[in-house]
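Trainee: need a structure here:
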Amino acid sequence: NSEAADAAAKAADAAAVEPPQHEHMYAMVCRSNMNRSMANHDILERHGFKVCSYGIGREVKVPSRDKKGRMFPFGTPYKHILEALTKEDEKFNIASGVIPMLKRNKEIKEAPEDFRKIPDEFLRSVDVVICSEHDIFERVVEDIEGRDAEEFKPIHVLNLETTDNNEDAIKKSQALLQLCKLCSDTEDIGNDFPDVLEQFKEQYAADDELLYS
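Mentor: Presented below is the predicted three-dimensional model:
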């Protein structure tokens with residue numbers, strides 16, 4: 001019956017995302033909080049990690065047919081971006097992968113967020129920030145260093161270079177899941193993170209250049 005079907009659907013949804021079961025908080029950062037950071041956010045949340053995600057570009061930028069890119073302010077709900085792009089050029093935005101991406105994103109959180117607007121109080125809860133390219137890494141480090149250092153515990157900032165396409169975003173998110181699992185095995189992430197990072201590089205990222213601060 002319909003009630004049983006609804007109950008089964010709710011149970012399936014609950015099983016899809018594990019409740020947080022790891023103590024460390026991870027922040028994922030890419031340029032627009034659309035693709036790379038959200039692929040990481042998605043896989044970590046589904047495996048029970050505490051995770052948040054952000055962009056650090058000027059605006060949220062998605063591909064467009066004219067190659068100039070379509071811009072939206074940070075904070076624009078994913079569902080509103082989805083509605084706008086579906087109306088404007090649905091065929092192109094399906095082919096480019098943006099519409100499937102937005103459908104995923106709106107189920108994870110409401111809207112893309114700007115890393116620079118994270119309140120200090122919340123940022124103090126973050127243990128590890130993971131960036132997706134060198135320029136983003138430098139912007140994140142600059143932002144953190146520009147805040148009141150006395151208010152913060154050490155925050156580990158890592159860059160794992162990730163091409164801004166769906167294939168590489170998914171591939172690197174699977175590697176980062178392994179990093180976070182390694183972090184869960186240590187009781188003192190503050191002191192042990194460099195050793196964890198070395199183990200991660202040997203096992204999962206031997207061919208990748210890692211930046212760490």
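
Trainee: contacts and neighbour counts: CA atoms only from here.
Mentor: OK.

Trainee: Could you give the number of residues near residue 70?
Mentor: Residues near residue 70, counting by other CA atoms under 10 Å, number 15.

Trainee: check contacts around it.
Mentor: Neighbouring residues of residue 70 by CA atoms under 8 Å, 6 or more residues apart in numbering: 61-64.

Trainee: Residue 35 too?
Mentor: Taking CA under 8 Å, 6+ apart as the test, what residue 35 contacts is 101, 164-166, 169.

Trainee: farthest pair in those residues?
Mentor: Considering CA to CA, no two members of the contacts of residue 35 lie farther apart than 101 and 164, which are separated by 12.4 Å.

Trainee: Could you dump the contacts of residue 35 into a markdown table with neighbour count and distance to residue 70 added?
Mentor: As requested, these are exported to a markdown table (neighbours: other CA atoms under 10 Å; distance: CA to CA, whole Å):
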| residue | neighbour count | distance to residue 70 |
| --- | --- | --- |
| 101 | 19 | 15 |
| 164 | 15 | 16 |
| 165 | 12 | 16 |
| 166 | 16 | 18 |
| 169 | 20 | 20 |
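
Trainee: Among those, which one lies nearest to residue 57?
Mentor: Distance from residue 57 was checked for each of the contacts of residue 35 by CA to CA. The minimum falls on residue 164, at 13.4 Å.

Trainee: Residue 42 contacts residue 106, doesn't it?
Mentor: No: Residue 42 is beyond contact range of residue 106, at 11.0 Å (criterion: CA atoms under 8 Å).

Trainee: ok, those two, which is more surrounded?
Mentor: In this view residue 42 and residue 106 are compared by other CA under 10 Å, and residue 42 has more residues nearby, 23 against 17.

Trainee: secondary structure element for that one?
Mentor: Element membership of residue 42 [criterion: DSSP states H and E] is helix 36-46.

Trainee: who touches that helix?
Mentor: Outside helix 36-46, the residues that touch it by CA under 8 Å, 6+ apart are 16-18, 20, 28-30, 50-55, 105, 108, 131-132, 162, 164-166, 169-170, 172-174, 176-177.

Trainee: Take these and keep only those in helices.
Mentor: Judged by DSSP state H, helices contain the following of these: 16, 105, 108, 166, 169-170, 172-174, 176-177.

Trainee: List just the nearest of the contacts of residue 35 to residue 140.
Mentor: When these are compared for distance to residue 140 (CA to CA), residue 164 wins out at 17.8 Å.

Trainee: just the strands in this protein please.
Mentor: Secondary structure of the chain by DSSP state E: the strands cover 25-30, 50-55, 60-62, 70-72, 128-131, 156-160, 210-212.

Trainee: At the geometric centre of this structure, which residue do we find?
Mentor: Most central in the chain under CA atoms, centre = their mean is residue 37, positioned 2.6 Å from the mean C-alpha point.

Trainee: roughly how far apart are that residue and residue 66?
Mentor: For residue 37, the distance to residue 66 (CA to CA, to the nearest Å) stands at 25 Å.
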